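Engineer: 3D, please:
(one chain, ligands or ions: 1)
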Amino acid sequence: MSHSSGSSSRKRGRPSSKSGPTNPLKPPFFKSSPFSDFGSYMTEKNRKLRDQFETDASSSSHGANPAITDGGDSQGIFKGVAIFVDGFTVPSSQELKNYMLKHGGKFVNYFSRHTVSHIICSNLPDSKRKNLRAFSHGLPVVKPDWIVDSIASNTLLSWVPYQLVEHAITETSKQLKLSAFFSEKGISRSHHQGILIQNETSLPDKCKGESTELTLSGADNFSQEKSLESKHIDTNDELKDVKSESEEDCSTSYVAGQSSDHLNRPHSTLTDPNFVENYFKYSRLHFIGTWRNRYRKRFSNFLSGTGSKNNNPNNNTENLRRIVIHIDMDCFFVSVVIRNFPELLDKPVAVCHSNNPKGTAEISSANYPARSYGIKAGMFVRDAKARCPHLTIFPYDFSSYEEVADQFYSILHKHCEKVQAVSCDEAFLEVSLSLNDNPENIAEIIRKEIFETTRCSASAGIGENMLLARLATKSAKPNGQCFIPPDKVNEYLDKLPISALPGVGYNVEEKLRMKEVETCGQLRTISKDILQKDLGSKMGDMLWNYCRGIDHSAVEAVQETKSIGAEVNWGVRFKDSKDSENFLMNLCKEVSLRLHGCGVQGRTITLKVKVRKKGAGEPVKYMGCGDCETISRSLTVPGSINDVASLHRIAKQTFASFHLDVKEVRGVGLKLSRLELANPSHKGIEEGRLELLFSSATRKGKQPVEQSCSTNHSREDAPSGAHPSSSSAVSQGRNISELPPLSHIDLDVVRNLPSEIFLEMNGLYKGELRKILESHKEKVYNSGSIEKKDCRQQDQETSMRMQCELEPSEASCSKSNYCESDLMPGSLSQVDFLILENLPDEVRADILKQLPPHRVENQLPESSKSSLSLGSHSKWFDMLRVRNCLLSEFLLSSATFLTPNINPSCEEWDAMVVNLCEFVKEYVSQKIESDIEELYNCFRLLKRLSTNSSLLLELYDRTLPFLQASVGEHYGGKLHL
Ligand SMILES: Nc1ccn([C@H]2C[C@H](O)[C@@H](COP(=O)(O)OP(=O)(O)OP(=O)(O)O)O2)c(=O)n1
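Structural biologist: Sure thing, here's the model as predicted:
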């Protein structure tokens with residue numbers, strides 16, 4: 001029977017008002033038939049057809065259906081699917097029926113919303129389209145291609161991309177599109193999950209296995225495909241490639257956990273001017289990478305770094321032992337998203353931004369049932385689906401991860417004072433227990449509370465050190481705990497594969513395998529000398545310890561951040577230098593945001609660029625970076641920075657110095673190291689920083705934190721409104737014996753401290769800190785070398801800074817120390833104008849008097865002259881604040897780069913000259929007077945530095961004419977240098 005006849009016979013047989021006035025369910029023409037009414041006739045007919053279909057199906061599966069028998073999939077890919085074909089289709093209804101026969105599905109001749117799971121249809125007349133809900137009864141209306149493609153890929157594909165009408169499913173089942181769940185207004189995930197459940201239960205039972213996935217993939221939308229299509233109308237070959245790739249990837253994928261904007265977001269720098277911002281907004285790696293900053297802010301009260309107060313109420317330290325607990329949530333991302341789906345607990349589930357079964361999106365987390373199919377984090381979806389076609393994939397839900405992570409850490413901090421955060425779902429705890437206490441009890445209490453609060457399980461490993469605790473967690477997972485008592489350590493390690501030890505990668509494993517060493521027990525038979533000889537001193541030493549269960553690292557509540565940056569290695573495709581510049585600017589904005597978020601700035605800027613290797617084809621991963629070479633360069637500037645303009649200037653210059661074909665660039669990263677606390681005027685400066693400084697300084701001195709900072713205190717203890725030096729948390733309860741020894745204090749950090757913290761710290765050290773700084777300064781000045789000059793200059797800046805930051809009373813009493821003319825900066829470029837501007841008027845006037853007068857030729861416009869005149873300080877400061885010595889930073893970094901032992905190549909050298917010329921041109925052309933002031937100072941500085949370097953002299957000689965020509969062009973004069 002054809003699809004259309006099925007439909008018409010249904011209409012024909014429908015009881016009508018004309019059938020009989022008495023009982024419409026018993027029309028007169030059934031009176032003489034064996035069927036009591038039309039319903040029983042249809043039931044009987046359907047039964048017959050079903051039997052017939054099943055007989056055909058069983059003969060088909062036993063006979064001519066290699067797809068089922070050979071494929072080993074005796075159930076067939078359409079198990080649970082029952083189609084009803086409506087209207088003319090290609091392939092025909094009969095062919096579709098045969099496909100169902102062969103591949104385990106059902107073909108329903110007469111529509112019934114109770115037996116049909118999918119309506120197959122090639123076209124919908126307008127009338128049906130308008131009244132879709134009535135027509136479809138809430139079932140999916142899908143093109144026959146869905147069946148054909150599923151057979152071709154031997155997998156039941158999501159039907160969503162094959163919907164006949166885009167909104168078929170969303171309108172009919174009142175299901176919101178996934179994009180709506182992630183609107184900017186922040187509709188909650190639980191709402192979204194609630195809807196998913198609702199949808200699942202509303203589908204026929206037999207479809208439930210797939211329904212979660214199907215419903216989730218409701219975010220697959222054609223609009224995305226279409227928008228990509230329209231955006232990619234371009235004759236450029238590369239764009240064409242991208243088009244086909246993105247269609248392949250996006251047409252059947254959702255990008256969830258994101259706003260609807262994102263669903264329509266193009267997938268590369270080629271078409272998205274805000275690519276960097278979007279990339280980080282939706283990136284799981286970004287979430288993981290930036291999580292620590294959020295944690296620090298939220299739990300700053302707990303980050304005293306002391307942690308030495310005993311957990312045990314009985315404070316008798318003699319009878320206590322130190323135990324480390326490593327606690328880790330199980331399959332974190334999955335556990336969080338399936339909390340509302342208890343029926344999925346024992347089903348394979350993963351989290352990924354796309355569920356396109358052919359796609360190369362990476363699995364972020366897989367639950368343990370999924371792992372039994374070999375699915376793991378980092379695997380492409382297509383590989384995961386190949387291993388487990390019924391894998392349910394959920395989108396990210398970052399806000400819920402954050403919420404659960406907060407709950408997790410609140411519990412940990414409640415139970416333990418010394419918590420070392422490893423990641424959003426993993427931490428080390430150090431607890432002190434009496435010899436009789438069972439360490440498993442506390443782990444159990446914590447795990448129970450975590451589960452009751454978050455509805456997600458955590459596993460715990462317990463041991464005498466961090467190594468053993470971490471190893472024990474592996475044995476405990478999932479949802480368990482494991483204690484390795486001291487007398488069982490060797491036994492535990494004997495059989496443990498060396499690959500389970502932290503830090504053992506493929507290379508080390510291979511080298512040891514060559515020696516027939518595969519377990520820790522076997523590793524113990526090799527001497528330390530041999531290990532160090534074969535694997536290097538550090539690795540050899542570490543492995544020698546690890547295979548004996550020895551680990552000296554201490555649980556540390558505060559961990560130093562050494563660098564902050566951002567890197568994008570996906571979706572990077574530039575057409576021209578305008579693209580790359582725009583990208584760099586956005587990357588700098590991102591990095592600047594992160595630096596401000598942490599209240600720090602950095603002095604060393606590293607730019608890393610990934611460039612496609614010669615001959616490397618397009619990457620396997622869609623829009624990935626593929627086979628690349630990595631080039632990187634670091635520059636150290638004299639003053640730390642965190643503002644976008646400075647970062648961008650340096651990044652742009654460095655990028656240009658690589659002389660790359662931008663079309664070949666596949667990834668860019670920017671990182672700042674040598675971090676310092678940000679300028680006190682920055683909002684990023686937070687309370688508690690001094691605590692961080694103490695612990696970092698102490699670590700630097702390789703002294704365990706708890707030894708020097710034994711008193712527990714939190715900022716909440718500080719009485720409000722009291723004088724900082726006596727009331728702050730730092731001062732609370734501290735006496736000098738509890739502070740790190742002065743020799744452990746990092747003087748570079750101290751130099752840059754905000755005044756109130758410096759004063760507080762100096763007070764704690766009874767004035768010794770200032771003395772040390774001064775004597776250090778003397779030493780530097782007396783040691784005589786080219787470096788002295790820089791140190792001296794730096795110290796002059798420090799002196800200025802200290803002078804400026806001292807409280808008025810302190811400032812006046814120390815003035816004689818710092819305002820001596822020999823310590824004054826040699827040029828304006830060495831002055832921190834922000835500080836200068838904030839000085840009391842008389843102090844600033846004092847300092848300004850001692851600055852060397854700058855000279856600009858008379859031809860400069862009057863306006864420039866007046867703004868550059870020392871008499872009009874306020875205007876001058878305002879302007880200078882805007883551009884705060886950027887050029888000098890560039891020049892000084894160049895100077896660092898051009899030290900005699902580095903010897904730049906000709907290419908690098910030429911790049912330097914060309915870049916400087918361009919830089920100068922750009923500066924001058926903007927006609928900002930403060931820039932002229934800056935150029936003047938910078939070239940003076942360059943001239944001075946060039947007396948010690950022939951390279952710098954050449955740089956000066958080659959760029960000076962350029963500078964003068966530009967000044968002449970824009971101002972009609974030249975600078976006297
Ligand atoms: N390649 C990776 C690794 C991890 N993560 C995310 C998802 C994880 O859920 C979370 C925590 O990482 P874990 O390594 O702790 O892995 P899981 O918690 O998923 O599993 P396990 O139970 O093994 O800890 O970080 C990720 O997105 N991509």
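Engineer: Who does the helix or strand hosting Phe428 pair with, and is each partner parallel or antiparallel?
Structural biologist: Following DSSP states H and E, one finds Phe428 within strand 426-434. Strand 426-434 pairs in its sheet with strand 320-329 (antiparallel), strand 418-423 (antiparallel), by DSSP bridges.
Engineer: what's across from the nearest residue to Met100 once chain neighbours are set aside in the sheet?
Structural biologist: Spatial nearest neighbour of Met100, excluding adjacent residues (CB to CB, 6 or more residues apart in numbering): Phe107 at 4.4 Å. For the C-beta atoms, the positions are set from N, CA and C on the backbone; glycine is no exception. Beta-bridge pairing for Phe107 (DSSP bridges): Ile83.
Engineer: Touching, Phe107 and Arg50? I think so.
Structural biologist: No - the criterion here is CB atoms under 8 Å, and Phe107 misses it with Arg50 at 9.5 Å.
Engineer: higher neighbour count, those two?
Structural biologist: Phe107 (25 against 15; other CB atoms under 10 Å).
Engineer: residues near the closest residue to Val81 other than its chain neighbours, how many?
Structural biologist: Leaving aside its sequence neighbours, Val81 sits nearest to Gly105 (CB to CB, 6+ apart; 4.3 Å). A total of 25 residues lie near Gly105 under the criterion other CB under 10 Å.
Engineer: what's the helix or strand for the residue lying closest to Pro357 once chain neighbours are set aside?
Structural biologist: Once flanking residues are discounted, Pro357 sits nearest to Lys385: 4.1 Å by CB to CB, 6+ apart. Here Lys385, judged by DSSP H and E, is contained in helix 381-387.
Engineer: Give me the contact list for that helix.
Structural biologist: For helix 381-387, the surrounding residues in contact (CB atoms under 8 Å, 6 or more residues apart in numbering) are 155, 350, 352, 354-363, 366, 370, 373-375, 391, 393.
Engineer: redo that, cut-off 6 Å
Structural biologist: With contact meaning CB atoms under 6 Å, 6 or more residues apart in numbering, helix 381-387 is reached by 352, 357-359, 361, 363, 373-375, 391.
Engineer: Would you tell me whether that helix gets close to the ligand?
Structural biologist: No - against the ligand, helix 381-387 shows no contacts by CB under 6 Å from any ligand atom, the least distance being 13.0 Å.
Engineer: next one: stretch 336-351
Structural biologist: No - Stretch 336-351 stays clear of the ligand (CB under 6 Å from any ligand atom), getting no nearer than 6.8 Å.
Engineer: ok, and what's touching that stretch?
Structural biologist: Outside stretch 336-351, the residues touching it (CB under 6 Å, 6+ apart) are 193, 333-334, 363-367, 369-370, 373, 388, 391-394, 397, 400-401, 404, 455-456.
Engineer: So which of those residues sit within strands?
Structural biologist: 365-366, 392-394 (DSSP state E).
Engineer: can you narrow the residues you listed to ones near the ligand?
Structural biologist: Within the ones in strands among the contacts of stretch 336-351, those near the ligand by CB under 6 Å from any ligand atom are Ser365.
Engineer: Let me know the closest of the ones in strands among the contacts of stretch 336-351 to Phe84.
Structural biologist: Nearest to Phe84 among these, counting by CB to CB, is Thr392 at 25.8 Å.
Engineer: what sits opposite the closest one in the beta ladder?
Structural biologist: Bridge pairing for Thr392 - DSSP bridges - gives Val349.
Engineer: What does the pLDDT read for it?
Structural biologist: We note a pLDDT of 92 for Thr392 in this prediction.
Engineer: Check the burial of it by counting its neighbours.
Structural biologist: For Thr392, using other CB under 10 Å, the count is 24.
Engineer: again with Gly972
Structural biologist: Gly972 has 11 neighbouring residues, counting by other CB under 10 Å.
Engineer: Need phi/psi at it.
Structural biologist: Recorded main-chain torsions at Gly972 are phi 70, psi 30, according to degrees, to the nearest 10.
Engineer: mind checking how far it is from Thr959?
Structural biologist: Per CB to CB, to the nearest Å, Gly972 is found 20 Å from Thr959.
Engineer: Likewise for Tyr923?
Structural biologist: Taking CB to CB, one finds Tyr923 at 12 Å from Thr959.
Engineer: Of the ones in strands among the contacts of stretch 336-351, which pair is most distant in space?
Structural biologist: Ser365 and Thr392 (12.7 Å).
Engineer: Which residue, neighbours along the chain excluded, lies closest to Ser640?
Structural biologist: Using CB to CB, 6+ apart, the closest residue to Ser640 is Gln601 (4.0 Å).
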